[in-house]
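Colleague: got a sequence here, can you build the structure:
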Amino acid sequence: MQIWDFISRLFDTIAAAVLRHMAPFSYSELGVYWPIVVEGVLVSCALGLIGCFLVVRGMSLLGDALSHSVLPGIVLGFLISVHTTGQGSLRSPWIFAGATAVGILAALLVETVEKNSRVKEDASLGIIFTTMFALGVVMINLFAGQADLDPGCVLYGNIEYFTVYGWQGIRPMAFILGGIILGLLIFYRHLLVSVFDPALAISMGIPAMLIHYVLMAALSLTVVASFEAVGAILAVALLIMPGATARLWTDRMPIMLILAAIHGVASTILGYWLSHPAILDTSAAGAISLAGFVLFLGSWLLAPRHGVVMQAIARRRLRRTIAAENLVKTLDEVIRSGKPEPIGLNDLAAAMRLAPRQFAKALTLARGQGLVDRADGTIRLTDAGRARAERLIRAHQLWEQFLLQQVGIAPDHVHDAAEWIEHHLSDQAVREIDQTLAKA
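Modeller: Numbers count the residues shown, from 1 in each chain. Next up is the predicted model:
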């Protein structure tokens with residue numbers, strides 16, 4: 001505790017001058033109490049940064065469960081704080097220590113149950129964490145009379161009470177967010193490798209398990225620090241939604257972290273605005289989480305690569321490309337069979353075995369891409385169309401040979417697979433397959 005007191009006093013000394021100058025700016029002309037907004041931003045950013053690593057590793061459920069399982073540690077820390085200092089507070093170092101210890105213990109118990117029984121990870125998560133959460137709820141109700149421990153504050157939060165703390169109230173969360181950012185800057189490479197490939201990390205001499213438990217400890221600390229603002233339940237939303245939203249926009253981890261922080265800032269400002277008495281007149285913490293979901297929903301629909309709308313557009317574009325390429329390839333096969341150009345449209349339609357409407361659509365698409373020319377009920381390949389047909393046939397043949405020689409698939413099973421994959425192989429992939437077959 002002496003170390004904590006020293007760090008706390010040092011931080012207080014550094015922050016005091018800044019906070020004194022910020023006091024006149026607590027309220028804006030619109031009635032916005034800025035310490036509440038800043039606290040919400042700090043909570044959202046801190047949880048969102050940790051949540052990114054949970055999302056990419058597929059550990060979102062673990063983060064959800066761990067944020068609830070620390071409740072017994074909070075209650076124990078609160079009671080110890082009451083008995084040692086005569087007063088309890090959600091900002092007591094005993095609470096941070098108790099929650100961190102219980103969070104790590106819960107993660108260890110999950111691994112122990114999973115490794116030493118037939119119970120899988122998801123079931124062990126459900127057993128351990130729900131039991132610990134229930135234990136925490138029971139302890140809150142049992143000991144709430146002995147100490148001023150409000151179950152509603154722990155479970156649902158009340159960020160509006162930061163009007164009592166003023167700018168002084170943001171210090172713990174600012175300290176934790178600063179520690180998270182500093183840790184990311186120093187240990188980013190080790191954390192990245194450990195999250196994406198623990199086996200590779202171990203082979204490189206990186207203590208992957210230690211990093212895992214440090215991440216769990218950081219998660220426990222951050223969740224506990226956010227309880228007073230948003231509570232245990234809404235902390236889960238702020239833990240997962242920023243990372244999940246950012247994941248829809250990028251495949252690069254640094255950009256994902258930045259986008260998660262932006263999501264936290266935007267959801268806090270939007271949620272606090274929605275909670276204003278003149279609009280929804282509701283809980284700020286709930287409105288912040290709702291705003292975060294709205295941002296996630298918009299990203300899920302409109303993200304450029306992974307959004308539902310763009311994926312639907314990409315699938316439609318792919319279907320159009322395949323229809324045009326199938327027409328070009330069939331036309332080339334008809335020409336190779338001995339029929340001179342131009343080919344009658346009826347002959348080509350019969351060879352493709354398409355309904356008149358589907359054939360007309362494929363013909364329109366092929367003409368639009370400059371692959372064929374149509375005149376007087378006949379059709380001929382352009383130079384671009386002939387080159388496309390030759391590329392498709394070559395890709396088809398190479399893939400059939402690859403499946404036969406390298407994979408060992410039966411000859412009567414390779415055609416359908418090649419018929420589909422020929423539209424997806426890039427020029428580089430075709431060259432690599434050709435080189436592989438040449439070496440065989």
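Colleague: residue nearest the centroid of the chain?
Modeller: In the chain, the C-alpha nearest the mean C-alpha coordinate belongs to Ala244, at 2.6 Å (C-alpha atoms, centre = their mean).
Colleague: look at Glu358 and say how many residues are nearby.
Modeller: Heads up, residue 358 is Gln, not Glu. Other residues within reach of Gln358, judged by other C-beta atoms under 10 Å, total 13. Quick note: C-beta positions are derived from backbone N, CA and C, even for glycine.
Colleague: correction: Gly264
Modeller: A count of nearby residues for Gly264, using other C-beta under 10 Å, gives 29.
Colleague: please apply the same query to Arg252.
Modeller: 10.
Colleague: helix or strand next in line after the helix or strand containing Arg317, which one?
Modeller: Assigned by DSSP states H and E, Arg317 falls within helix 308-336. As assigned by DSSP H and E, the chain's next helix or strand after helix 308-336 is strand 343-344.
Colleague: which of the three states applies to Val193?
Modeller: Assigned with DSSP: H, G, I helix; E, B strand; the rest coil, Val193 falls in the helix class.
Colleague: burial of it, as a residue count?
Modeller: Neighbours of Val193 under the rule other C-beta under 10 Å: 18.
Colleague: kindly report the same for Leu234.
Modeller: Residues near Leu234, counting by other C-beta under 10 Å: 26.
Colleague: pLDDT below threshold where in the stretch 1-150 of the chain?
Modeller: 1-33, 86-91, 144-150 (pLDDT under 70).
Colleague: that one: strands as residue ranges?
Modeller: In order along the chain, the stretch 1-150 of the chain carries no strands (DSSP state E, counting those that start in this stretch).
Colleague: same thing with the stretch 151-300 of the chain?
Modeller: Counting by DSSP E, counting those that start in this stretch, the stretch 151-300 of the chain has no strands at all.
Colleague: just for it, where's the confidence low?
Modeller: Checking the stretch 151-300 of the chain against pLDDT under 70 turns up 151-158, 160-166, 228-229, 232-233.
Colleague: all helices of it, in order?
Modeller: In the stretch 151-300 of the chain, the helices defined using DSSP state H, counting those that start in this stretch lie at 151-156, 162-165, 171-196, 198-203, 208-247, 253-274, 284-302.
Colleague: can you list the buried residues in stretch 258-275?
Modeller: 259-275 (16 or more other C-beta atoms under 10 Å).
Colleague: swap that for stretch 338-356, please
Modeller: Residues of stretch 338-356 classed as buried by neighbour count (16+ other C-beta under 10 Å): 342-343, 345, 348-349, 351-352, 354.
Colleague: for those residues, which one is nearest Phe133?
Modeller: Within the buried residues of stretch 338-356, proximity to Phe133 (C-beta to C-beta) peaks at Leu354, which comes in at 59.0 Å.
Colleague: give me the phi and psi for the closest residue in space to the closest one that isn't next to it in sequence.
Modeller: Leaving aside its sequence neighbours, Leu354 sits nearest to Ala362 (C-beta to C-beta, 6 or more residues apart in numbering; 6.8 Å). Here is the backbone geometry of Ala362 (degrees, to the nearest 10): phi -60, psi -40.
Colleague: show me where the stretch 301-440 of the chain has strands.
Modeller: Assigned by DSSP E, counting those that start in this stretch, the stretch 301-440 of the chain shows strands spanning 343-344, 372-375, 378-381.
Colleague: would you format those as a markdown table with mean pLDDT included?
Modeller: Shown next, in a markdown table, are the strands of the stretch 301-440 of the chain (pLDDT from 0 to 100):
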| stretch | mean pLDDT |
| --- | --- |
| strand 343-344 | 86 |
| strand 372-375 | 88 |
| strand 378-381 | 89 |
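Colleague: can you say which of the ones you listed is packed in most?
Modeller: strand 378-381 (a mean of 19; mean count of other C-beta atoms under 10 Å).
Colleague: Arg305 and Pro254, how far apart?
Modeller: The spacing between Arg305 and Pro254, counted by C-beta to C-beta, to the nearest Å, is 17 Å.
Colleague: from Leu47, how far off is Ile211?
Modeller: According to C-beta to C-beta, Ile211 and Leu47 sit 19 Å apart.
Colleague: ok, these two, which is more surrounded?
Modeller: Leu47 (32 against 19).
Colleague: mind listing what the more buried one touches?
Modeller: 222-223, 226, 235, 238-239, 242, 264 (C-beta atoms under 8 Å, 6 or more residues apart in numbering).
Colleague: go again using 10 Å as the cut-off
Modeller: With contact set as C-beta atoms under 10 Å, 6 or more residues apart in numbering, Leu47 has these partners: 54, 63, 67, 177, 180, 219, 222-223, 225-226, 230, 234-243, 260, 264.
Colleague: cool, and Asp412?
Modeller: Neighbours of Asp412 in contact, by C-beta under 10 Å, 6+ apart: none.
Colleague: gap between it and Leu392?
Modeller: 21 Å.
Colleague: ok, which of the helices of the stretch 151-300 of the chain comes nearest Phe133?
Modeller: Of all the helices of the stretch 151-300 of the chain, it is helix 208-247 that lies closest to Phe133, at 8.2 Å by C-beta to C-beta.
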